[in-house]
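*Asks:* Pasted the sequence and its predicted model underneath.
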Amino acid sequence: MKIRFLGAHNCETKDTRLISLLIDDVLAIDAGSLTSSLSLEAQQKIKAVLLTHQHYDHVRDIPTLAMNLFLGGANTTIYSIPAVFEVLEKNLMDEVIYPDFRQKPLDKPTISFSAIEPNKAQTILGYDVLAVPVKHGVPTVGYQLGADGKTMFYTGDTGPGLAECWKSVSPQLLIIEVTASNRFTEWVAGGGHLTPSLLERELAEFRELKGYLPRVIIVHMNPNLEKDIAAEVAAVAKNLSASLTLAHEGMEINL
């Protein structure tokens, strides 16, 4: 699997983009920066998008992706839990803010919604996909992806309390959020997010349950706090004797 980090942050600036991953050029996970990062030709190669939850920084580019696919004569399928589709239908693609590209008079829908059932494995574009509930302020799932004996797990946005999630996944690569630095621990934990100190507890519990720690990539950092996050994550890596790396836009990993 080739994993490309189109966006690695939770806020957009000249140098940072909202969270979005691209797998082997054909499958996207979250849609914070699909159209801002990819050419028209690259967008038309995307045959499936997995959405973790309904928050704006994770779904923003679905309407604009749909417009570009429609004008280019391409189509894709959006996979997520029903709560996400409700938000897209009522608040973004409601024919007031933006068109609903599933509707007639299109000869063929540009996008299709396909509900995914948590904790039930399925195959999407040849990948083994398992959606696993995680802790956040709204219903949210992370995704374990497997292909050719390689496995990754992306949590999406999550807060502390991942023990049940860890029981369901066994990735070689873990992509997990750290939204803010440790001085904001109480605030972000209440909203269903992690800081480096909270991440350390979750990773320690993962190792206790599974007997190992995978390679860990950190995403969803706030750009204002990234320097502090980087220093604190480095301390966590030393404490756990583990590989922890902050992602950046354009970063690629071949798993």
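*Replies:* Looks like it arrived, so ask away. Since the model is a prediction, treat every value here as computed from it, not as a measurement. Numbering: from 1, shown residues only.

*Asks:* which residues sit in contact with the spatially closest residue to residue 184 that is not a sequence neighbour?
*Replies:* Using Cβ to Cβ, 6 or more residues apart in numbering and skipping residues adjacent in sequence, the residue nearest residue 184 is residue 195, 6.3 Å away. From N, CA and C alone the C-beta is placed, and that goes for glycine too. With contact set as Cβ atoms under 8 Å, 6 or more residues apart in numbering, residue 195 has these partners: 178, 179, 180, 181, 182, 184, 185, 188, 189, 229, 232.

*Asks:* contacting residues for the residue nearest to the third one when sequence neighbours are not counted?
*Replies:* With Cβ to Cβ, 6+ apart as the measure, residue 188 is the residue that lies nearest to residue 180, at 4.8 Å, once sequence neighbours are left out. Taking Cβ under 8 Å, 6+ apart as the criterion, residue 188 is in contact with 159, 179, 180, 194, 195, 198.

*Asks:* repeat that for 10 Å
*Replies:* If you count contacts by Cβ atoms under 10 Å, 6 or more residues apart in numbering, residue 188 has them with 159, 160, 177, 178, 179, 180, 181, 182, 194, 195, 198, 222.

*Asks:* so how far is residue 195 from it?
*Replies:* 6 Å (Cβ to Cβ, to the nearest Å).

*Asks:* repeat for residue 91
*Replies:* Separation of residue 91 from residue 195 (Cβ to Cβ) stands at 29 Å.

*Asks:* mind listing the strands in the protein by residue range?
*Replies:* 2-7, 20-23, 27-29, 48-50, 76-80, 111-115, 122-124, 127-133, 141-147, 150-154, 173-177, 215-219, 244-246, 252-254 (DSSP state E).

*Asks:* got TSV for the ones you listed, with mean pLDDT, mean neighbour count and distance to residue 62 too?
*Replies:* As requested, the strands of the chain are arranged in TSV below (pLDDT from 0 to 100; neighbours: other Cβ atoms under 10 Å; distance: least, Cβ to Cβ, whole Å):
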stretch	mean pLDDT	mean neighbour count	distance to residue 62
strand 2-7	98	22	14
strand 20-23	98	26	11
strand 27-29	98	26	10
strand 48-50	98	23	7
strand 76-80	97	23	7
strand 111-115	95	15	8
strand 122-124	98	13	17
strand 127-133	98	19	18
strand 141-147	98	24	16
strand 150-154	98	22	17
strand 173-177	98	24	20
strand 215-219	98	22	19
strand 244-246	98	18	26
strand 252-254	97	11	23
